[in-house]
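> structural data only, the sequence is not supplied:
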């Protein structure tokens, strides 16, 4: 099927378990959790009304704890309204999908490591993903205010930003008919694949415009920082104008983490819950696997030195009693290039 | 529950609390003075004492305060990574201290500013620009105290008596308030300036 990847991306979903913040609950033993399955490409505000309805009767004071003051939290981190749910999950769990299939508990018995305490298995996928519904002390410094139109506005503006990044102008979006523009968001809300891609295909194949750049965001789960790039579809500096691959794009955006264009060294790029191959042609990746807002939202899963048996030079070094740590990084990168080529 | 060594970063003499707040970003930066990130841990405290950062001024530290907290699951996973990749990560994502140039242009009935070109630290959020505009255009609605209106604040809605302000890049799109101006500059600059347009009524669809 020609659109198999698009379909798979569109159909991706995550099971959620919502707990009500105990301080909001009038029942001592706390309210029942609310379970739901969320589309990865959707946004949390789509699900808020039904979640609120479920917890409404448990609330101490409905007049104060209104839908407008609601927000979600995971481990003290407020969940952004305007990030797609798939990105939230990949970012806040920082999972390495190559390791997420349920690991045997013996996995961490490597030599010399202390037995792990009651910590949850690192690397095990938290399913369902447990988030907390809160009302008090809205984190205004971290979260945008949720209004009836804010999710729509953020989404449409992201589409414009992506269009501008792709073409150097937002002509493609601007020339959509009003009904098509409405359809972009409405079809996402209704989770209607055909309607959404019917309009989005017009954006990606606008007559007279060839895509020049590919909008991409790389997220560092450890510091929360984001690197955004508009990567040319062809690799600059190559004689034949080689098509950009994910590897060459990451190599140009974050060369220290991706010193090689062909092999992962320090981190794996993750999107839609899977590890992306560095050899993936970037233009096709965008056409087939971008988030509905037009961006490739890629999170980094840092590679552990345990049970990772690919032949990364760094890990070889690290296992030789920290010799690698003393090397200046530049030297290491040079050596890495040798190993890789 | 967890023994401290699990979370130690070994390059860092002081042990951080389990919720890791930008420890890496600080590795290459020089002095490990007691940093402000603790602020982010208590978002319910209105940061009333912090002075909003006007564009032309040197940075304050409220960037750390507005950096999102990191989940425990993320930090646990990452405690295992080899030191090399920690260093790499820290370097690659080091908050840029470089300044970017921003040109603020009014549209329609919005008043223009006397001075239109400013510089701003690249790691600042777009909300700093918006709040600077609100302040300089006298659009700050709620009197100080009723609602937090600091530079790190991501609230655009003027709520009560404030006027609306709509801010765009390249007369095209309104970036999210938590986008970094450095990223916007890198992707959308024109002649080495990030062109920001603002108006009092919605424009550009």
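Sure thing, it's come through. Model, not experiment: these values are computed from the prediction.

> contacts for the longest strand along chain B?
Secondary structure of chain B per DSSP state E: the longest strand is strand B:99-106. The contact list for strand B:99-106, computed with CB atoms under 8 Å, 6 or more residues apart in numbering or on different chains, reads B:55, B:112-113, B:116-122, B:129, B:133, B:181-182, B:185, B:189, B:192-199. C-betas here are computed from N, CA, C, even on glycine.

> residues of that strand that come out buried?
B:99, B:100, B:102, B:104, B:106 (16 or more other CB atoms under 10 Å in any protein chain shown).

> mind showing which ranges of chain B have poor pLDDT?
B:1-96, B:141-162, B:205 (pLDDT under 70).

> apply 80 and report the result again.
Residues of chain B meeting the criterion pLDDT under 80: B:1-97, B:140-163, B:203-205.

> chain A too?
A:1-2, A:28-30, A:99-126, A:223, A:304-341.

> domain parsing for it?
Using automatic domain parsing, the domains assigned to chain A come out as A:10-146, A:151-338.

> wait, which of those domains is closest to residue A:4?
For those, distance to residue A:4 was read as CB to CB. The smallest value, 8.6 Å, belongs to domain A:151-338.

> now residue B:184: phi and psi?
phi -60, psi -40 (degrees, to the nearest 10).

> which residues touch it?
Contacts of residue B:184 (CB under 8 Å, 6+ apart): A:228, B:126, B:169, B:175, B:194.

> go on, residue A:216?
A:228, A:229, A:230, A:231, A:249, A:253, A:282, A:295, A:296, A:298.

> now tabulate these in TSV and tack on distance to chain B, secondary structure and neighbour count.
Shown next, in TSV, are those (distance: CB to the nearest CB, whole Å; DSSP: H, G, I helix; E, B strand; the rest coil; neighbours: other CB atoms under 10 Å in any protein chain shown):
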residue	distance to chain B	secondary structure	neighbour count
A:228	4	strand	21
A:229	7	strand	21
A:230	5	strand	19
A:231	10	strand	25
A:249	13	helix	27
A:253	9	helix	19
A:282	15	helix	24
A:295	11	coil	21
A:296	13	strand	23
A:298	13	strand	23
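
> need these in a markdown table (columns: distance to residue B:164).
What follows is the contacts of residue A:216, written out as a markdown table (distance: CB to CB, whole Å):
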| residue | distance to residue B:164 |
| --- | --- |
| A:228 | 27 |
| A:229 | 32 |
| A:230 | 30 |
| A:231 | 35 |
| A:249 | 38 |
| A:253 | 35 |
| A:282 | 38 |
| A:295 | 27 |
| A:296 | 32 |
| A:298 | 34 |
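
> three-state assignment of residue A:287?
helix (DSSP: H, G, I helix; E, B strand; the rest coil).

> tell me, how many residues neighbour it?
18 (other CB atoms under 10 Å in any protein chain shown).

> surely it meets residue A:204?
Yes - using CB atoms under 8 Å, residue A:287 is in contact with residue A:204, at 6.0 Å.

> next up, the contacts around residue A:280.
So residue A:280 contacts A:245, A:246 (CB under 8 Å, 6+ apart).

> next, residue A:180: secondary structure please.
helix.

> excluding covalently adjacent residues, which one is nearest to it?
residue A:199 (4.9 Å; CB to CB, 6 or more residues apart in numbering or on different chains).

> repeat that for residue B:122.
residue B:182 (2.9 Å).

> just say helix, strand or coil for that neighbour.
helix.

> which SS class is residue A:50?
With three-state DSSP as the criterion, residue A:50 reads helix.

> my guess is it contacts residue A:37. True?
No - contact criterion CB under 8 Å: residue A:50 and residue A:37 do not qualify, at 12.0 Å.

> so how far is stretch A:138-156 off the chain centroid?
Remark: stretch A:138-156 is offset 18 Å from the chain centroid, using CA atoms, centre = their mean, to the nearest Å.

> please name the residues that touch residue A:191.
A:10, A:39, A:41, A:42.

> looking at this, it is in a helix?
No - counting by three-state DSSP, one finds residue A:191 to be coil, located in no helix.

> kindly provide the distance from it to residue A:239.
45 Å (CB to CB, to the nearest Å).
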